[in-house]
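> requesting a structural model of the entry that follows:
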Amino acid sequence: MLILRSAALFVVAALFEIGGAWLVWQGVRGHRGWLWAAGGVLALGAYGFVATFQPDAHFGRILAAYGGVFVAGSLLWGAVADGYRPDRWDVTGALVCLAGMAVIMWAPRNGG
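Numbers count the residues shown, from 1 in each chain. Predicted structure coming up:
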């Protein structure tokens, strides 16, 4: 159950962080206005709280592992929201990052 909870929290974090950054990008570079950018800033602020709900208490471990989710999530967001088509190297790199995330978060540890 802890792995499912942790994975779900990583997905929520990615939605807030990547979605927030995308809203800022659209507000500024896409000339959609400051309300879009402000929505992005709020989402990015919410992202900052999500990691605190992870079952593991080590900040460095959580953020390092989340990096793998961020990489894969960013490619997926770009494909869905902007029509970007990742090539095989993008996908391979994202899979490597996700594998690294799994090792960092869920490798068996002796007391630590």
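
> quick one: pLDDT of Ile3?
What the model reports as pLDDT for Ile3 is 90.

> report how many residues lie close to it.
Other residues near Ile3 come to 11 when the count uses other Cβ atoms under 10 Å. In this view, the C-beta of every residue, glycine as well, is placed from N, C-alpha and C.

> excluding chain neighbours, what is closest to it?
Once flanking residues are discounted, Ile3 sits nearest to Trp106: 5.8 Å by Cβ to Cβ, 6 or more residues apart in numbering.

> repeat for Leu95
Ala72 is the one closest to Leu95 (Cβ to Cβ, 6+ apart), at 7.7 Å.

> quick one: what helix or strand has the one you found in it?
Using DSSP states H and E, the element containing Ala72 is helix 59-82.

> one more: Arg85?
Counting by DSSP H and E, Arg85 is found in no helix or strand.

> when you give positions from now on, start the count at 7
Taking 7 as the first residue, the last one we looked at is Arg91.

> hang on, it packs against Ala85?
Yes: between Arg91 and Ala85 there is a contact under Cβ atoms under 8 Å: 6.4 Å.

> more neighbours: those two, which one.
Ala85 (13 against 9).

> if I look at that one, how far off is Pro92?
Taking Cβ to Cβ, to the nearest Å as the measure, Ala85 and Pro92 are separated by 6 Å.

> with Gly39 instead?
For Gly39, the distance to Pro92 (Cβ to Cβ) stands at 29 Å.

> which of the two has more neighbours?
More crowded of Gly39 and Pro92, by other Cβ under 10 Å: Pro92, with 16 against 11.

> next one, pLDDT for that one please.
What the model reports as pLDDT for Pro92 is 97.

> same check, this time on the one 3 residues further on
In the predicted model, Trp95 carries a pLDDT score of 98.

> what's around the closest residue to Cys103 other than its chain neighbours, how many residues?
Of all residues not flanking Cys103 in the chain, Gly74 sits nearest, at 3.8 Å (Cβ to Cβ, 6+ apart). By other Cβ under 10 Å, 22 other residues sit near Gly74.

> alright, that wraps it up for me.
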